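**Q** next come a sequence and a model predicted from it.
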Amino acid sequence: MKVTRLISLLLFLLILNQVGSYGQKAIPSNDALSRYVEKPDTSFHWQADLPSSDNSGTFYEVNFQSQNWQNIPWKHQLIVYFPAKAKYPATMLLVLRHLYDREAGLASLKVISDSTGTPAAMLYDIPNQPLFESKEEDDLQAYTFSQYLKTGDESWPLLFPMVKSVVRALDVVQLLAKRQKQLAVTDFILAGHSKRGHTTWLTAAADKRVKGIIPIAIDILNSKAQLPHHLEAFGEYSTPSQATTNLLKELQQPRGQRLIQMVDAYSYREQLLIPKLIVSATNDNFFTTDALNLYWPGLKRSKAVLYLSNANHVQADADPRINPTAFAFARAVAAHTSLPPLSWQYRPEKDRIRLEIRTDKRATKARLWTSRAKTKDFRQAVWSSQPITQISKTKGDQEFIYTVEVSRPASGYKAIFGEVEFVEDGHSFLLSTQTYISSSDR
């Protein structure tokens, strides 16, 4: 883990907290993000290489420029796969990536399409980087925030051109399909890790063609609540530099408040009514184990969560447990159905915690994951599981109830969550509950 990246993220969280509750208000559709995305840009253009086809389908490799941002042309590589036969031809799963890897992309798209019954695509160079004297990732994002604060130019926040890049990719897919007389794709499901995950949230708020999202390892929504929770779990910050102190003063001004309203996806929650599969790593280096709890209640309509036990931030990008659930989610979105609905309740008792999970579909397996830590910092914790064997049914077998009890820790903290495994059409996948952290007295 790069220390500079952690410091940058913590600073980002600190920035978010300085603005008070203003940044957490739901904002209308005619916001700065929509204005930036919808602003015409004559630099947009694309070119597809000769297709590669076999009996199973056709690959297209596309180079395109999404925009000119701060006088910098943003260029991308896009690989698109149209299967010869698709169960859900109108829906495409689009994966957002950072570094271009052609061979891995070609192989992955075939697996995605075969597993989901949809066309599939991989979009690279989100964001374009390095920029501005070799800045990348968090350093690049922080720089763009500071430029917005200096200039008031709403196009500066890095997430805006990232979103516009994805929107233009949706345009390219549809234009390509029409030109090549391929499947007419009208709906998209977006998946991405870390900043790419953040981009899936914001793109869904900006473009109605997005019908489902799979954000991975980006538990940063509802930032006002996240920072004090983050500090409680991970400890205090070192004394900020004078530059940081000056920046924080700027952020308490109206322009700083506006910045947070623009980039916190929680501000767009009234527009995010589409299905959401949130994937979180229990040992994420940058987010608390139970960060989801601070924004889950505010998300409306269809939502599901998958926790990756014993995985950190980087490992979550390629964890093999993601694909089966992501594919099940994509099939459900494409079919206009849903994943098996889960509800759960933690019942604190004097010396133990009782977890009750309810679902209207019988699971093949259910298990409880637990870990221990001296503090609420579970980044180095080891998680272990045990089966949940107590199963009951409501009258008429309309609901299955899985119940388990776990003792409170004698000292320190214990984190727990439930996991349920389902099988649909021969495909198994996992869904999780929220996490719960208990101590000896609560």
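**A** Cool, got the structure.

**Q** end to end on stretch 303-316, go ahead and measure it.
**A** 19 Å (C-alpha to C-alpha, to the nearest Å).

**Q** and residue 370, how far from residue 346?
**A** In this structure, residue 370 and residue 346 are 13 Å apart, going by C-beta to C-beta, to the nearest Å. Where you see a C-beta, it was placed from the backbone N, CA and C, and this is true even at glycine.

**Q** dump the residue contacts of the closest residue to residue 198 other than its chain neighbours.
**A** Spatial nearest neighbour of residue 198, chain neighbours left out: residue 218 (5.0 Å); criterion: C-beta to C-beta, 6 or more residues apart in numbering. By C-beta atoms under 8 Å, 6 or more residues apart in numbering, residue 218 lies in contact with 193-195, 197-198, 201, 287.

**Q** so residue 434 sits in a strand?
**A** No. Residue 434: not assigned to a strand; according to DSSP: H, G, I helix; E, B strand; the rest coil it is coil.

**Q** residues near it, how many?
**A** Residue 434 has 16 neighbours, counted by other C-beta atoms under 10 Å.

**Q** is it in contact with residue 290, as I believe?
**A** Yes. Judged on C-beta atoms under 8 Å, residue 434 makes contact with residue 290 at a distance of 7.2 Å.

**Q** longest helix in this protein, please.
**A** helix 159-179 (DSSP state H).

**Q** quick one: list the elements packing against that one.
**A** helix 32-38, strand 45-48, strand 57-69, strand 72-83, strand 91-96, strand 120-123, strand 187-193, helix 195-206 (3 or more C-beta pairs under 8 Å, 6 or more residues apart in numbering; DSSP states H and E).

**Q** now it against strand 187-193, angle please.
**A** Comparing the axes of helix 159-179 and strand 187-193 via axes from the mean of the first three to the mean of the last three C-alpha atoms, to 10 degrees yields an angle of 140 degrees.

**Q** contacts for stretch 90-108, please.
**A** 59, 61, 77, 79, 81, 112, 116, 118-126, 166, 169-170, 173, 183-192, 196, 199-200, 211, 330, 333-334.

**Q** what subset of the residues you listed is buried?
**A** Buried by 16 or more other C-beta atoms under 10 Å: 59, 61, 77, 79, 81, 112, 116, 118-126, 166, 169-170, 173, 183, 185, 187-192, 196, 199-200, 211, 330, 333-334, out of the contacts of stretch 90-108.

**Q** now the host helix or strand of residue 146 against helix 159-179, angle please.
**A** In this structure, residue 146 sits in helix 137-151 according to DSSP states H and E. Taking the same axes, to 10 degrees, helix 137-151 and helix 159-179 form an angle of 110 degrees between their directions.

**Q** centroid residue for the protein?
**A** Closest residue to the average C-alpha location of the chain: residue 215 at 1.5 Å, with C-alpha atoms, centre = their mean.

**Q** so how far is residue 189 from the residue lying closest to it once chain neighbours are set aside?
**A** Nearest residue to residue 215, sequence neighbours excluded (C-beta to C-beta, 6+ apart): residue 197, at 3.6 Å. Residue 197 is 13 Å from residue 189, where distance means C-beta to C-beta.
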